[in-house]
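1. from the sequence below, what's the structure:
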Amino acid sequence: MATSKSVKQHKLRKLIAFLSEKEGKGMEFISLYIPPNTPIAAVVDTLKAESDSVGTKSEGARNIGNRLQDALKKIIQQLKQQKEIPENGLAVFAGTFAMNDSENEVLNIEELIPPEPIPTYEYIVDDHFRLEPIREMLRNQKIVGLIAMDSKEATFAILNGERLECLENITSGIPGKTVKGGQSQRRYEREREMEVAYFFHRIAEHAAKEFLEKQKVTALIIGGPGQTKEDFSKGNYLNYELKNALLNIVDTQSADKEALKEMLDKSSETLKNMCAPEEKMIVQRLLTEIGKQDGLATYGLDSVLTALKKGEVEVALVTDNSEMIEIVAMCKGCGLSRGTIINKNAKVQAVQEMVSRLCGKCGGREYEVETKDILDVLEDLASQTGASVEVVSTESEEKSKLAALGGFAAILRYRLY
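-> Numbers count the residues shown, from 1 in each chain. Model (predicted):
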């Protein structure tokens, strides 16, 4: 089962949040960004040279230096085990820190494949991890296309994160409306309608090229003065993917570059709560099934887990702010495991209760305890039956509706009565 885009992004956000909290005792944390197609041997040679150059001027610096060298050696070992750098490159974060407050410090290496290609090689040593390049990639996941239009011109632009880029402006050559009277007026109106329709097709072709081929937008805003934008939006011109991504239609004073900022200002609230088209569609489908008498949907964590174990689930949905985890205690003597799903705030008490009880099979008292995020639990179950998991992350009406269902729901293939 391929991991969905929403799950990958959610896990990446959690990793960034985890790493951003860590602090080194000195300049000992490594942030390494490797672009795609970089020879691994070249990276290894560079890191070996960095390790050889680590200074040890004082006892404190010697301890920091040793930890830094240990981290470099571990990175080199892991890189040597790979055949090539992934197609988007590779980001590596290494440092000695405690995974949790109650644990001793250990050397940790986190590798991740970014959602976009890494442009340049970077090796950074600091007392914290340098995560800005990855954060920037996540901010830019929402790419909005804009079309300002009337019957005379159309302006195309992209909003990528906080950056607005005007792409091009095209004109129709259609003259303004005139009054001729009689047969000439009707003929003139028909000819003008044909010219407008032809211009609409040109706008749609440019939109498909800019917003689907060159880069894929996650939302589309159309603006302009008068009725023209409405006629275009309602007509059969836009590619179906762009129609599904249409987020807002707004009135503006013009159809040139000046209209773009006006469109964004009038869409600010909508953009702030923008839900990705795929999130909107899947939640709407869920709610439709829930509304049916025998709809193929269920909600609530227990119900979703049960349906996953039975193989009934097609898609499981979860909000990105779930606090649920699974704790599994395995007896070191006989391997018997038992687990429970709880809110992570109750973890300490739950672990104490689990390890204080004798093993039901061998009577042993020693356990290995593993903690799993609820998303990993859902993915493990889904992988056994070919189901998928989607995370609804945007602060939107769709997320609010899923949260009102307990934060967990599923669209089913069938029901086992």
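2. walk me through the domains of the protein.
-> What automatic domain parsing lists as the domains of the chain is 5-139, 143-273, 278-412.
3. mean pLDDT added to those, as JSON lines?
-> What follows is these, written out as JSON lines (pLDDT from 0 to 100):
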{"stretch": "domain 5-139", "mean pLDDT": "88"}
{"stretch": "domain 143-273", "mean pLDDT": "89"}
{"stretch": "domain 278-412", "mean pLDDT": "92"}
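4. residue 63: neighbour count?
-> 14 (other Cβ atoms under 10 Å). Where C-beta positions appear, they are placed from N, C-alpha and C, glycine not excepted.
5. what does the one helix or strand it maps to contact?
-> Per DSSP states H and E: residue 63 is located in helix 59-80. Helix 59-80 is contacted from outside by 24-28, 30, 32, 40, 43-44, 47-48, 50-51, 54-56, 92, 94-96, 107, 109, 111, 125, using Cβ atoms under 8 Å, 6 or more residues apart in numbering.
6. all helices in the stretch 301-417 of the chain, in order from the N-terminus.
-> 301-310, 347-356, 374-383, 397-404 (DSSP state H, counting those that start in this stretch).
7. closest one to residue 238 among these?
-> helix 397-404 (22.4 Å; Cβ to Cβ).
8. and the closest one, what does it pack onto?
-> helix 277-291, strand 313-319, strand 388-392 (3 or more Cβ pairs under 8 Å, 6 or more residues apart in numbering; DSSP states H and E).
9. now the ones you listed in JSON lines, with mean neighbour count?
-> Shown next, in JSON lines, are these (neighbours: other Cβ atoms under 10 Å):
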{"stretch": "helix 277-291", "mean neighbour count": "17"}
{"stretch": "strand 313-319", "mean neighbour count": "23"}
{"stretch": "strand 388-392", "mean neighbour count": "24"}
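10. and those as CSV, adding distance to residue 119?
-> Listed next are those as CSV, based on distance: least, Cβ to Cβ, whole Å:
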stretch, distance to residue 119
helix 277-291, 27
strand 313-319, 33
strand 388-392, 27
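11. what about the ones you listed, which gets the closest to residue 222?
-> With respect to residue 222, and counting by Cβ to Cβ, the nearest of the helices and strands packed on helix 397-404 is helix 277-291 at 15.2 Å.
12. hmm, who's touching the closest one?
-> For helix 277-291, the surrounding residues in contact (Cβ under 8 Å, 6+ apart) are 5-6, 218-219, 244-245, 275, 295-297, 299, 315, 317, 390, 392-394, 396, 398-399, 401-402, 405, 409, 411-412.
13. tell me what angle that helix forms with helix 397-404.
-> Counting by axes from the mean of the first three to the mean of the last three Cα atoms, to 10 degrees, helix 277-291 lies at 40 degrees to helix 397-404.
14. just give me how far helix 277-291 sits from the chain centre.
-> A distance of 19 Å separates the centroid of the chain from that of helix 277-291, by Cα atoms, centre = their mean, to the nearest Å.
15. likewise for stretch 37-47?
-> Counting by Cα atoms, centre = their mean, stretch 37-47 is centred 29 Å from the centre of its parent chain.
16. now it: buried residues?
-> For stretch 37-47, burial by neighbour count (16 or more other Cβ atoms under 10 Å) applies to 38, 40, 43, 46-47.
17. give me the residues contacting it.
-> Residues outside stretch 37-47 that contact it (Cβ under 8 Å, 6+ apart): 32, 34, 72, 75-76, 79-80, 82-85, 89, 121, 123.
18. can you flag the buried ones in those residues?
-> For the contacts of stretch 37-47, a neighbour count by 16+ other Cβ under 10 Å gives the buried set as 32, 34, 72, 75-76, 79, 85, 89.
19. of all pairs in the residues you listed, which one is the farthest apart?
-> Taking Cβ to Cβ as the measure, the buried ones among the contacts of stretch 37-47 reach their widest spread between 72 and 89, a distance of 19.1 Å.
20. buried residues, the top helix by length along the chain. List them.
-> Ranked by residue count and defined by DSSP state H, the top helix of the chain is helix 182-208. Within helix 182-208, the residues scored as buried using 16+ other Cβ under 10 Å are 188, 192, 196, 199-200, 203-204, 206-207.
21. following the helix holding residue 63, which helix or strand comes up?
-> According to DSSP H and E, the helix or strand after helix 59-80 is strand 90-97.
22. tell me which residues in the next helix or strand after that next one are buried?
-> Downstream of strand 90-97, the next assigned helix or strand under DSSP H and E is strand 106-112. Neighbour counts over strand 106-112 (16+ other Cβ under 10 Å) mark 108, 112 as buried.
23. so what strands line up beside whichever helix or strand comes after strand 106-112?
-> Going down the chain from strand 106-112, the next helix or strand is strand 122-126, by DSSP H and E. If you go by DSSP bridges, strand 122-126 pairs up with strand 29-34 (antiparallel).
24. taking helix 59-80 as reference, get the angle to the strand it pairs with.
-> Using the same axes, to 10 degrees: strand 29-34 against helix 59-80 is 30 degrees.
25. sorry, back to before: got the CA positions of the helix holding residue 63 in CSV?
-> Provided in CSV are the C-alpha atoms of helix 59-80 (Å, rounded to 0.1, in the frame of the first residue of the first chain):
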residue,chain,number,x,y,z
GLU,A,59,37.5,19.5,27.5
GLY,A,60,34.1,21.0,26.8
ALA,A,61,34.9,21.4,23.1
ARG,A,62,36.4,17.8,23.1
ASN,A,63,33.1,16.4,24.3
ILE,A,64,31.1,18.3,21.7
GLY,A,65,33.7,17.3,19.1
ASN,A,66,33.3,13.7,19.9
ARG,A,67,29.6,13.8,19.7
LEU,A,68,29.8,15.6,16.4
GLN,A,69,32.3,13.0,15.0
ASP,A,70,30.0,10.2,16.2
ALA,A,71,27.1,11.7,14.3
LEU,A,72,29.2,12.1,11.1
LYS,A,73,30.3,8.5,11.3
LYS,A,74,26.7,7.3,11.8
ILE,A,75,25.5,9.4,8.8
ILE,A,76,28.3,8.0,6.6
GLN,A,77,27.4,4.4,7.6
GLN,A,78,23.8,4.9,6.7
LEU,A,79,24.6,6.6,3.4
LYS,A,80,26.9,3.8,2.4
